[in-house]
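Student: Next comes the sequence, and after it the predicted model I'd like to discuss.
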Amino acid sequence: LPEVEDASSVSSIDSFSNAESFAIVTKAKKGNNQVRIISKGNGLTEKMIVAINTTEDVDSEANVKDRQFSELEAERKMMENESWRKHNEARLEANAALADQAKVHNQIRKINTVLKKMSVEYERKNFNLLDRLNPLVVDSLVGRELKNSGINLPYSISLYSGKEHSTVWKRDGLIENGNFSNQYKTNLFPDDIVNRNNFLQVGFADTLGYFLSSLWLMLLSSAIFSLIIIFAFAYTLHVIFRQKKLSEIKNDFINNMTHEFKTPIATIRLASESITNPEVLNDPEKIKYYSSIIKDENIRMNNHVETILQMAQFDKNAFAPAPQAINIHEVISEAINNIQLLIQEKGGNITFSPDAEKFVLLADPNYIPVVLNNLLDNAVKYCSVKPEIKIETSSNAKTLKIVVTDNGIGMDAATQKMIFEKFYRLSTGNLHNVKGFGLGLSYVKAIVTAHSGTISVISEPGNGSTFIIELPFIN
């Protein structure tokens, strides 16, 4: 059949439909040709395009039959759908009725069960507990279950009747005068409708010992593991704080070293620039003066370097003293002469009491004076008032004791434990009013230890410090 050439050429449209199934008939004119489009609904769609060559606006007999067929087909499908819907409703009603019937039967069965149990319990209302069970059988069952559970403890067993509020049967266990203080009980016949408070009680003498004996390996392992964790945690904290302290000491040492070297370097630079001044070149006295400044600052820098290098030797255990017979009183007097001028400038005083009967010992003459010089230097540097220093000596058959006492700022107990550590100094922030690297006392202790001696300190904040050195007499 020929197709419609252009839908926009439709000149008139007639349509009809119903709610259940529908058919739409469309008539269109294009010249002398008439087009009819029949559409059928209810979920299925068919389109028929018919072209009829006629000059009148009248449906042909074939089109009428097609329309009638479509209407009949739509009505048939509508009837089938209605029948299917009624069938489903009937089936759902039947299933609901069966479910209700099953619920009713289930309730009736439960009621019958309860009535039977009530009748049985009513018949047994006058029965004694021992009429319902054999206590020896109960004891055997309890013992077997305890054994299967790995519980090998003596136990007592009792049967109690709630009706009589008394013990109807009891076995005290296999040990004499046993105190079965740990009691465990359970209700007998829990499914009874009327609870008669009949229960079984089992007692044990020592449950704590049993638990410890059965769990000792796990408890011991847990304790060891916990101790390991605590030790590891404590050691980690110790390492962290120690590393933090070492980092602070290292930073302080770098700051102090920079300051100690910066001053002589700047002095040498200024003196060198002054020597090159034309006015100074013609004055021998000024050249000699500036040259002495350069020499003194150079010696000062060299002493700092030597101190650091010598401490490195002590760290490597490469230091070996060369002992010679020295008079310790002469060494002390020389150290006093070296510090006397500085003490007088501050208005202080130093006294020496040579009370040792034996004052000659074998020691390295190059290092023992360093010990005394460092102690006296610290006594002056760490004093906020006029320094008052006292040196005493004493001896016995084996050792020579040197005691140096000052009136400085003193130290607390925590500082006393740290003063002999390398690079340790009292914290003064960014102030450098007390010069040094923090190596003086550690250097002193290293020298004394190398001579098989000991050094200790007694001090209180604000009350000064007392250093005690003991050196042995070595043949």
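Tutor: Perfect, I can see it now.
Student: ok, the residue nearest the centre of the chain - contacts?
Tutor: By Cα atoms, centre = their mean, the mean C-alpha position of the chain lies nearest to residue 233, the distance being 10.4 Å. Shown here is residue 233, which makes no contacts under the criterion Cβ atoms under 8 Å, 6 or more residues apart in numbering. Quick note: C-beta positions are derived from backbone N, CA and C, even for glycine.
Student: Next one: it, what pLDDT does it get?
Tutor: In the prediction, the pLDDT value recorded for residue 233 is 95.
Student: do the same with residue 449
Tutor: The model's pLDDT for residue 449 equals 87.
Student: The one 3 residues further on too?
Tutor: Note for residue 452: predicted pLDDT of 87.
Student: Off-centre distance for stretch 385-394?
Tutor: Mean C-alpha position of stretch 385-394 versus that of the full chain (Cα atoms, centre = their mean, to the nearest Å) differs by 53 Å.
Student: one step back: pop out the phi and psi values for the residue nearest to the centre of the chain.
Tutor: Note on residue 233: its backbone torsions stand at phi -70, psi -40 [degrees, to the nearest 10].
Student: Could you do residue 421 as well?
Tutor: With angles defined as degrees, to the nearest 10, residue 421 sits at phi -80, psi 150.
Student: now the nearest residue to it once chain neighbours are set aside: how far from residue 419?
Tutor: Excluding its sequence neighbours, the residue lying closest to residue 421 (Cβ to Cβ, 6 or more residues apart in numbering) is residue 442, at 6.2 Å. Between residue 442 and residue 419 the distance is 8 Å, computed by Cβ to Cβ, to the nearest Å.
Student: which residues in the chain form helices?
Tutor: With DSSP state H applied, the chain shows helices at 61-123, 129-132, 135-148, 207-275, 278-281, 284-315, 328-345, 368-381, 413-418, 440-450, listed in chain order.
Student: want to try TSV for those helices, with distance to residue 473 as columns?
Tutor: As requested, the helices of the chain are exported to TSV (distance: least, Cβ to Cβ, whole Å):
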stretch	distance to residue 473
helix 61-123	106
helix 129-132	97
helix 135-148	79
helix 207-275	36
helix 278-281	56
helix 284-315	24
helix 328-345	11
helix 368-381	14
helix 413-418	28
helix 440-450	15
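Student: Looking at the ones you listed, which is nearest to residue 456?
Tutor: Using Cβ to Cβ as the measure, helix 413-418 is the one of those that comes nearest residue 456, at 9.0 Å.
Student: tell me the mean pLDDT over that closest one?
Tutor: Across helix 413-418, the per-residue pLDDT values average to 80.
Student: Kindly format the C-alpha coordinates of that helix as CSV.
Tutor: What follows is the C-alpha trace of helix 413-418 in CSV, where atoms were taken according to Å, rounded to 0.1, in the frame of the first residue of the first chain:
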residue,chain,number,x,y,z
ALA,A,413,71.6,18.4,93.2
ALA,A,414,70.6,18.0,89.6
THR,A,415,73.4,20.3,88.4
GLN,A,416,76.0,18.5,90.6
LYS,A,417,75.2,15.3,88.7
MET,A,418,75.9,17.0,85.3
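Student: related to what we said a few turns ago, ok, which of the helices of the chain comes nearest residue 465?
Tutor: Shortest separation from residue 465 across the helices of the chain is recorded for helix 368-381, at 7.8 Å, computed as Cβ to Cβ.
Student: just checking, what packs against that closest one?
Tutor: Applying 3 or more Cβ pairs under 8 Å, 6 or more residues apart in numbering; DSSP states H and E, one finds that helix 368-381 contacts helix 328-345, strand 388-395, strand 399-405, helix 440-450, strand 465-472.
Student: rerun at 6 Å
Tutor: Counting by 3 or more Cβ pairs under 6 Å, 6 or more residues apart in numbering; DSSP states H and E, the packing neighbours recorded for helix 368-381 are helix 328-345, helix 440-450.
Student: any low-confidence regions in the stretch 201-350 of the chain?
Tutor: Confidence mapping of the stretch 201-350 of the chain against pLDDT under 70 gives the ranges 206-207, 259-260, 310-319.
Student: switch to 80 and redo it
Tutor: When the per-residue scores of the stretch 201-350 of the chain are filtered using pLDDT under 80, the ranges that remain are 205-215, 248-264, 280-281, 296-297, 299-301, 303-321, 341.
Student: Now do the end-to-end distance for stretch 157-170.
Tutor: With Cα to Cα, to the nearest Å applied, stretch 157-170 spans 6 Å between its terminal residues.
Student: can you check stretch 449-461 too?
Tutor: With Cα to Cα as the measure, the first residue of stretch 449-461 is 27 Å from its last.
Student: still on that earlier bit, just say which of the helices and strands packed on helix 368-381 is most tucked in.
Tutor: Most buried of these by mean neighbour count (mean count of other Cβ atoms under 10 Å) is helix 440-450; its value is a mean of 20.
Student: can you give me how far that one is from the chain middle?
Tutor: Taking the mean of its C-alpha atoms, helix 440-450 sits 42 Å from the chain's own mean (Cα atoms, centre = their mean).
Student: List the contacts of that helix.
Tutor: Outside helix 440-450, the residues within contact range by Cβ atoms under 6 Å, 6 or more residues apart in numbering are 314, 319, 321, 367, 371, 374, 419-420, 422, 455.
Student: Give the buried subset of those as a ChimeraX selection command.
Tutor: In ChimeraX syntax, the buried subset of these is picked out as below (16 or more other Cβ atoms under 10 Å):
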select :314,319,321,367,371,374,419,420,422,455
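Student: Quick one: the contacts of helix 440-450 as CSV, columns for distance to residue 331 too.
Tutor: Conversion of the contacts of helix 440-450 to CSV gives the following (distance: Cβ to Cβ, whole Å):
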residue, distance to residue 331
314, 21
319, 19
321, 14
367, 11
371, 9
374, 13
419, 23
420, 21
422, 25
455, 16
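Student: from the contacts of helix 440-450, which two are the most distant?
Tutor: Comparing all pairs in the contacts of helix 440-450 by Cβ to Cβ, the longest separation belongs to 321 and 419, at 22.7 Å.
Student: circling back: can you say which of the helices of the chain is nearest to residue 356?
Tutor: Shortest separation from residue 356 across the helices of the chain is recorded for helix 328-345, at 7.3 Å, computed as Cβ to Cβ.
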